Each structure stands twice: as structure tokens, then as C-alpha cells.
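got a structure for you, letters missing:
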């Protein structure tokens, strides 16, 4: 009888990478320079929001921005039609990059 050998290295790496996806993700990490440069004319998320008329000193300031104003700003300054759309794409790319790192 022939023994079958299998290489589970890829599955092991995938499993290890999945564990890195837990916890809170800071906005500059989620929307890193690569992401912002790809979908806007800015170098990073800080640079993008410096162009805005919003006074953002902390998380609370950001959360107080009216949705319609934030969406309008995002539409004018990125490839996205809304802040929600931008967040979804950033999360998709972030997870894909982290999950398949090294594979």
C-alpha cells in the first residue's frame, strides 16, 4: 500500500495569519499609505483629512462629522461614493493582505 504525504504548510500559515486579524484596527493601519495613494491623490489618511474643513483632533471629533458632509468629502476626494464604501474596500484589502501574507 502506498502512503500519501500531504503538505499542510500553506494551511498552517493561513491559520496563523487568521489569528493576526483579531482586535481593533486603527484607521491609519486600515487605510494605509498604499490604500490611500491607490484611491485618492493623497499620500495618507492624515493628509486626506487635512484637506477637509473638518476639525479632527480625536476619535470623538471624527464621529461627530455629519454623514452627508463626510460622504460628500469622500466622493470629491477619493474613488468612492461614500465613507461606508471606502471602509468596506479598505477592510477587504486589509484582510486579504493579512490573510494571504507569505502564501
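Received the coordinates, thanks. These figures come from a predicted structure and were not determined experimentally.

ok, residues contacting the longest helix along the chain?
Across the chain, the longest stretch assigned as helix under DSSP state H is helix 83-99. Residues outside helix 83-99 that contact it (Cβ atoms under 8 Å, 6 or more residues apart in numbering) are 14, 17-18, 20-21, 25, 29-31, 35, 39, 67, 70-71, 74, 78, 80. Just so you know, the C-beta spots here come from the backbone N, C-alpha and C atoms, and that holds for glycine as well.

Would you map the strands across the protein?
Ranges of strands within the chain: none, based on DSSP state E.

tell me the helices in it, going along the chain?
9-19, 27-30, 33-39, 45-50, 59-63, 67-77, 83-99.

List buried residues within the contacts of helix 83-99.
17, 31, 35, 39, 70, 71, 74, 78, 80 (16 or more other Cβ atoms under 10 Å).
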